[in-house]
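Peer 1: how does the following fold in three dimensions:
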Amino acid sequence: MNNYSVEYPPRTRVRTRSFNPETPMPAPSKVERELQNFVKSVRSVARRNTKFQHGPSTLEFSHTSACNLRCVMCSQSDNLPVVKADPEKAAKFLDKAFESVVIWNPSATSEPLLNDIDDMVRTCVEKGAWLELYTNATRLTPAVYEKLAPHIHRLTMSIDSHVPEVLETVRWPVKASKLFPNVEYALRRGAELSIPTIINAVLMKETVPHFADLVDWVADRGGKEITVLDLLDSSSQARGHDAIEDLGIERVQELLEDMRERAAERGLNLTFLLPPPLAGRYTNVENPTRIHEANVVEAVQEAHASEMPGFCPMVASYLKVMPNGDAYPCCRAPHELKLGNVYEQPFEEVWNGAKAQSLRSAMFQNKPPEPCKNCLVRAKNLADVEQKIVESGDWVPL
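Peer 2: Next comes the predicted model:
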């Protein structure tokens with residue numbers, strides 16, 4: 001029996017913006033630009049152009065690098081200095097970026113809900129953007145959820161464990177009694193509104209023994225998706241929580257297999273975003289989603305990515321900008337791949353500059369730079385292409 005309660009705010013019927021007469025729609029020219037941008041992206045990759053004619057469709061940018069937790073697997077646990085964006089410089093950059101951007105991830109290895117919520121909503125409405133939210137859910141109260149819901153493309157809540165003692169150990173200083181009501185509300189409302197809602201759990205020695213039961217916990221609350229993430233060497237504490245080093249690869253495989261079997265029984269989808277031989281995607285239930293611009297753009301991009309073996313999908317359409325203006329071609333943002341600074345250089349000089357074009361050339365030649373060689377995003381792309389070859393037997397790349 002839970003020893004906490006959920007306070008439900010007054011509900012209004014939440015619809016997609018396309019059918020909500022009270023919410024302004026972006027100008028039709030934005031929708032037209034989205035379509036043109038995708039066509040140009042296909043053309044650029046098909047012709048192996050290193051100078052792209054299209055702009056990014058996904059932007060990762062937060063006005064602050066702050067986070068309210070110090071999770072052991074995250075660089076934030078090393079108490080990084082908080083960086084805040086210059087408002088004027090950020091506004092100028094965003095005006096340019098949102099000419100093509102459809103999906104906005106308001107993060108910088110940070111907690112997105114530490115941004116101004118009203119400003120986030122206003123940006124989505126004015127720029128025709130949809131939110132890709134990765135949150136620790138500590139500030140995702142029912143009231144905040146209802147405010148953001150009309151603009152959410154997908155919601156991912158990083159909690160790692162449903163066991164209070166484990167949660168509070170690896171995600172200090174969170175309190176389970178305050179967090180779980182937010183998570184439960186978001187899972188149930190996400191199911192009602194057809195908003196894809198995912199629970200993230202990092203593979204650690206403390207978390208993996210409870211993964212099978214995590215499936216039950218999520219399924220009992222209306223959830224349909226769990227992603228298990230690899231433990232990256234991102235903080236000074238991370239290695240001390242390595243499941244494989246502590247439990248051994250065979251035991252970890254057994255525990256993941258238990259989780260997979262439980263997910264099949266409960267009708268819940270699993271993604272193991274892990275190195276081989278642990279990686280896998282297990283679809284056990286249809287996860288309905290409302291149809292909107294971001295949903296369509298992402299679907300066609302995924303189809304396009306399956307035609308580009310070895311060319312990282314992020315390099316094709318993603319841009320990450322830190323609050324200080326430093327720009328990168330992917331979510332991992334290794335220093336070696338820094339493209340430039342959008343506050344100090346024109347946007348085009350960063351997006352299509354020498355460093356960006358050199359990276360694209362390397363991808364076309366299947367000679368990725370060192371940080372990309374073992375990246376799971378690129379590895380998944382290669383695996384998807386291999387599967388397509390097996391299934392079709394007559395696949396020919398673009």
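Peer 1: surely Ala90 forms part of a strand?
Peer 2: No: Ala90: not assigned to a strand; according to DSSP: H, G, I helix; E, B strand; the rest coil it is helix.
Peer 1: my guess is it contacts Thr64. True?
Peer 2: No: with contacts counted by C-beta atoms under 8 Å, Ala90 stays clear of Thr64, the gap being 10.6 Å. For glycine as for every other residue, the C-beta is placed from the backbone atoms N, C-alpha and C.
Peer 1: overlap in contacts of these two?
Peer 2: Common neighbours of Ala90 and Thr64 (criterion: C-beta atoms under 8 Å, 6 or more residues apart in numbering): Pro323.
Peer 1: can you give me the helices for the stretch 1-150 of the chain?
Peer 2: Applying DSSP state H, counting those that start in this stretch to the stretch 1-150 of the chain gives helices spanning 28-46, 87-97, 117-127, 142-148.
Peer 1: Asp258 - that's part of a helix, no?
Peer 2: Yes: residue state for Asp258 (three-state DSSP) corresponds to a helix.
Peer 1: now it, nearest residue through space, not along the chain?
Peer 2: Among residues not flanking Asp258 along the chain, Ala212 sits closest, at 4.4 Å (C-beta to C-beta, 6 or more residues apart in numbering).
Peer 1: what about that neighbour, how many residues close to it?
Peer 2: Counted with other C-beta atoms under 10 Å, residues neighbouring Ala212 total 19.
Peer 1: tell me the contacts of it?
Peer 2: Counting by C-beta under 8 Å, 6+ apart, Ala212 makes contact with 255, 258-259, 261-262.
Peer 1: so how far is Ser161 from it?
Peer 2: Look at Ala212 and Ser161: by C-beta to C-beta, to the nearest Å, they are 12 Å apart.
Peer 1: now swap in Arg262 and tell me
Peer 2: Distance, Arg262 to Ser161, using C-beta to C-beta: 15 Å.
Peer 1: which residues touch stretch 184-192?
Peer 2: With contact meaning C-beta under 8 Å, 6+ apart, stretch 184-192 is reached by 6, 8, 137, 140, 142, 145-146, 149, 155, 157, 195-197, 199, 218, 221-224.
Peer 1: buried set for that stretch?
Peer 2: Neighbour counts over stretch 184-192 (16 or more other C-beta atoms under 10 Å) mark 184-191 as buried.
Peer 1: TSV for those residues, including secondary structure and distance to Pro106?
Peer 2: What follows is these, written out as TSV (DSSP: H, G, I helix; E, B strand; the rest coil; distance: C-beta to C-beta, whole Å):
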residue	secondary structure	distance to Pro106
Glu184	helix	23
Tyr185	helix	20
Ala186	helix	17
Leu187	helix	21
Arg188	helix	24
Arg189	helix	20
Gly190	helix	18
Ala191	helix	24
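Peer 1: just say helix, strand or coil for Glu245.
Peer 2: helix.
Peer 1: can you check Pro276 too?
Peer 2: State at Pro276, reduced to three classes by three-state DSSP: coil.
Peer 1: same check, this time on Val228
Peer 2: Val228 ends up strand, using three-state DSSP.
Peer 1: quickly list what it is bridged to.
Peer 2: Bridge pairing for Val228 (DSSP bridges) gives the partners Ala201, Phe272.
Peer 1: re earlier: deepest in the core, which of the helices of the stretch 1-150 of the chain is it.
Peer 2: Mean neighbour count, computed with mean count of other C-beta atoms under 10 Å, is highest for helix 142-148 among the helices of the stretch 1-150 of the chain, reaching a mean of 18.
Peer 1: from the chain's centroid, how far away is that one?
Peer 2: 20 Å (C-alpha atoms, centre = their mean, to the nearest Å).
Peer 1: average pLDDT for it?
Peer 2: For helix 142-148, mean pLDDT is 98.
Peer 1: where exactly do the strands run in the stretch 201-350 of the chain?
Peer 2: Using DSSP state E, counting those that start in this stretch, the strands found in the stretch 201-350 of the chain span residues 225-229, 269-273, 280-282, 318-321, 326-328, 340-341.
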